[in-house]
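Asker: Structure, please.
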Amino acid sequence: MRFIAFFAALCSLVSPASADPLPSWLATETKAAIVEFVESVTDPSSSDYVTPADRIAVFDNDGTLWGEQPVYFQLIYAFDRLKQRAETDPSILTTDVLKAAAEGDLETVAAGGTEALLEILAVSHSGMSVEVFQEDVRAWLDEARHPTTGMRYDRMIYQPMLELLSYLRDKGFQTWIVSGGGVHFIRAFAEEAYNIPPEQVLGSSGPTEYVDGKIMKLPGIDFVDDKEGKPVGIDSRIGKRPILAGGNSDGDFAMLEYTTGGEGPRLGLLVHHTDAEREFAYDRKGHIGVLNRGLDEGSELGWVIVDMANDWQTVWPE
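Answerer: Reported below is the predicted structural model:
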């Protein structure tokens with residue numbers, strides 16, 4: 001009994017702060033910079049102290065919190081659902097773009113640009129209530145598997161980023177998703193995947209209408225929450241300039257620029273996909289997650305560039 005009492009007393013002397021808040025991050029300058037920033041803005045004795053009400057952290061989703069190759073996962077969902085519906089009713093394939101999408105022809109769809117995407121979304125994402133749509137997204141996540149990893153898409157989330165989100169919340173931060181992806185799509189899984197509630201998710205959105213007690217999704221796009229749209233969405237929805245922003249592509253440049261351009265301590269993070277063995281390696285060229293300005297200007301702006309291969313001990317959750 002004395003040993004048990006002694007052990008309990010010993011444990012009480014060990015401060016929770018002594019535990020590594022980011023165990024999946026290797027002991028690099030990147031990790032040190034993140035921890036130094038978080039500890040300084042949450043220490044009341046620090047000159048950089050920020051009150052809890054102003055501890056706002058915003059993160060992109062695709063390529064920052066979960067994967068985005070070979071294409072955005074939401075687009076894969078759209079293709080799958082379009083194909084499924086076309087098998088029941090082929091008459092919905094009224095254009096060459098829709099026919100190409102149903103066949104998984106990414107090249108033809110990409111050549112059609114935004115108009116092609118809107119055609120696909122009009123069939124796969126509208127004509128139903130928000131609740132029915134989100135139930136369908138969750139059902140798809142249960143059944144769909146990534147073409148190269150064989151993993152569930154909602155397991156292709158980055159363990160180091162999950163730890164960062166948890167660390168920030170433990171330190172009194174609000175953690176928000178600010179994504180170019182569809183807001184209703186991300187809200188379907190964000191709470192379970194990231195412990196981020198739906199009311200703290202910003203994303204692109206289409207028109208909706210209220211009909212007989214339900215919010216119905218209509219074809220079209222009302223707001224694109226990407227590039228310069230991200231700071232606009234943050235101002236509209238959050239109402240405060242964040243003090244931390246994380247992204248992975250030039251689509252996030254404006255969000256990081258807006259975040260780090262304010263007064264007081266600020267931190268911008270860019271996840272650089274450098275790990276072809278455990279994930280994917282890409283940056284300046286490609287159709288997804290292109291990173292040029294961030295690499296060219298990020299360091300000069302004081303942003304932290306996260307090298308996935310050299311800064312992360314683990315990529316996926318165990």
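
Asker: Now do the contacts for residue 309.
Answerer: Residues near residue 309 by Cβ atoms under 8 Å, 6 or more residues apart in numbering: 274-275, 277-278, 281. For the C-beta atoms, the positions are set from N, CA and C on the backbone; glycine is no exception.

Asker: helix or strand for it, which one?
Answerer: In the assignment (DSSP states H and E), residue 309 maps to helix 308-311.

Asker: in that helix, what's buried?
Answerer: Under the neighbour-count criterion of 16 or more other Cβ atoms under 10 Å, helix 308-311 has 308-309, 311 buried.

Asker: again with stretch 242-255
Answerer: Neighbour counts using 16+ other Cβ under 10 Å place 242-255 of stretch 242-255 among the buried residues.

Asker: can you dump the C-alpha coordinates of that stretch into CSV?
Answerer: C-alpha atoms of stretch 242-255 as CSV (Å, rounded to 0.1, in the frame of the first residue of the first chain):
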residue,chain,number,x,y,z
PRO,A,242,-7.0,34.0,-37.0
ILE,A,243,-3.6,33.8,-35.4
LEU,A,244,-2.7,30.5,-36.9
ALA,A,245,-3.4,29.1,-40.4
GLY,A,246,-2.5,25.9,-42.0
GLY,A,247,-2.7,24.9,-45.7
ASN,A,248,-0.8,23.0,-48.4
SER,A,249,-1.2,24.8,-51.7
ASP,A,250,-1.3,28.2,-53.4
GLY,A,251,-5.1,28.0,-52.9
ASP,A,252,-4.3,28.7,-49.3
PHE,A,253,-1.9,31.5,-49.8
ALA,A,254,-4.4,34.3,-49.3
MET,A,255,-5.6,32.7,-46.0
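
Asker: Let me know how buried the residue nearest to residue 23 when sequence neighbours are not counted is, in neighbour terms.
Answerer: Nearest residue to residue 23 in three dimensions, chain neighbours excluded: residue 163, at 6.7 Å (Cβ to Cβ, 6 or more residues apart in numbering). Residues near residue 163, counting by other Cβ atoms under 10 Å, number 18.

Asker: All good on my end, thank you.
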